[in-house]
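Student: Need coordinates for the below:
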Amino acid sequence: PDTVKIEKTNYDDYGYEGFKIVINGETVLNETKVYYYSLGSVFVQTKGHSYFFISLYGDNDDGPEMIYEYVDKRLVKRANLGEDIGNLFYHYNGVILSVEPNAINLKVAGQTNMLSGTEMSFTYKVGLNGELSFDKEIVNVSYTKQRYSYKTNKDTKSKYLIAAKKIPVYRSATGTKKAFHIKKGTKLTIKKVSMKGKCRYYCITKSGKKGWIKNKYGWFRYLPYAG
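Tutor: Coordinates of the predicted model:
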């Protein structure tokens, strides 16, 4: 059997500035330009490929999360969640939900610019050479039902979002053709998100109109954001 050791390195008074992974007594990865307080790791075995999911936790209990494949006695970075979902989340934690012969299923929870507290699940499909890519570019998304009014200092709950301004709605996730405009004060829900490009969200108004809106902070009233 192989032996694996993950070492946290370069500790100062507040945290660590690196880590290394040692397999069978040989250092296969030595990262020195990351900063974190604690480290989590998960070993993932798909059909013919072996991966390590490394999570680094720092301020706000989040930080870089990467997936490395063990290939020819070395580790190759196959995914960086910060790059793959960075257009959506700016605070996040990812967890592995399940593993299939040719896929890795994850859930990500955190804070997004547009929807505040947000969760979504997605799948990395495994290529012939071990590379990872999105199985689907459009996935379901859920978000907090909490609403907070700074004027009244009261918390409420609602499944609906309320438009804070006029919002253009597009016919597709990537196209430029507009379908209609959401009026200020309109109630709506968000069901899906496109993970491609700058990312758009699929919305349904309370009256039943549907379309895609750009990912933008400040579209909706009363969403609570962490500092």
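Student: For the nearest residue to residue 46 once chain neighbours are set aside, give me its contacts.
Tutor: Sequence neighbours aside, residue 126 is the residue nearest to residue 46 in space, at 5.1 Å (criterion: Cβ to Cβ, 6 or more residues apart in numbering). Glycine gets a C-beta too; all of them are placed from N, C-alpha and C. By Cβ atoms under 8 Å, 6 or more residues apart in numbering, the residues touching residue 126 are 46-47, 49, 102-104, 132.
Student: So residue 220 versus residue 88, what's the distance?
Tutor: Distance, residue 220 to residue 88, by Cβ to Cβ, to the nearest Å: 16 Å.
Student: whoops, I mixed them up, residue 160
Tutor: From residue 160 to residue 88 the distance is 21 Å (Cβ to Cβ).
Student: where does this protein have low pLDDT?
Tutor: The chain contains residues with pLDDT under 70 at 227.
Student: Please report phi then psi for residue 86.
Tutor: Main-chain dihedrals, residue 86, degrees, to the nearest 10: phi -60, psi -20.
Student: just to revisit the earlier point, more neighbours: which of residue 160 and residue 88?
Tutor: Using other Cβ atoms under 10 Å as the criterion, residue 160 and residue 88 rank with residue 88 on top: 24 against 13.
Student: Looks like that one contacts residue 201 (just checking).
Tutor: No - checked against Cβ atoms under 8 Å, the pair residue 88 and residue 201 is beyond contact range at 9.3 Å.
Student: Return every residue with contacts to both of those two.
Tutor: Counting by Cβ under 8 Å, 6+ apart, the residues touching both residue 88 and residue 201 are 193, 215.
Student: What is the burial count for the nearest residue to residue 38 once chain neighbours are set aside?
Tutor: Of all residues not flanking residue 38 in the chain, residue 57 sits nearest, at 4.8 Å (Cβ to Cβ, 6+ apart). If you count neighbours by other Cβ under 10 Å, residue 57 ends up with 17.
Student: got it, and residue 97?
Tutor: Neighbour tally, residue 97, other Cβ under 10 Å: 12.
Student: Please give the element, helix or strand, for it.
Tutor: Taking DSSP states H and E as the criterion, residue 97 maps to strand 89-100.
Student: List of residues touching that strand?
Tutor: Contacts with strand 89-100, where a contact means Cβ under 8 Å, 6+ apart, come from 42, 44-46, 53, 55, 57, 60-62, 65, 81, 85, 104-113, 118, 121, 226.
Student: what angle sits between the following helix or strand past that strand and strand 89-100?
Tutor: Scanning forward in sequence from strand 89-100 by DSSP H and E, the next helix or strand is strand 103-112. In terms of direction (axes from the mean of the first three to the mean of the last three Cα atoms, to 10 degrees), strand 103-112 departs from strand 89-100 by 160 degrees.
Student: Please name the strands paired to the helix or strand that strand 103-112 is followed by in the sheet, noting orientation.
Tutor: Moving toward the C-terminus from strand 103-112, the next helix or strand (DSSP H and E) is strand 116-126. Sheet pairing of strand 116-126 (DSSP bridges) gives strand 103-112 (antiparallel), strand 132-134 (antiparallel), strand 138-143 (antiparallel).
Student: Could I get the ones you listed in TSV, plus columns for mean neighbour count?
Tutor: Shown next, in TSV, are the strands paired with strand 116-126 (neighbours: other Cβ atoms under 10 Å):
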stretch	mean neighbour count
strand 103-112	20
strand 132-134	17
strand 138-143	17
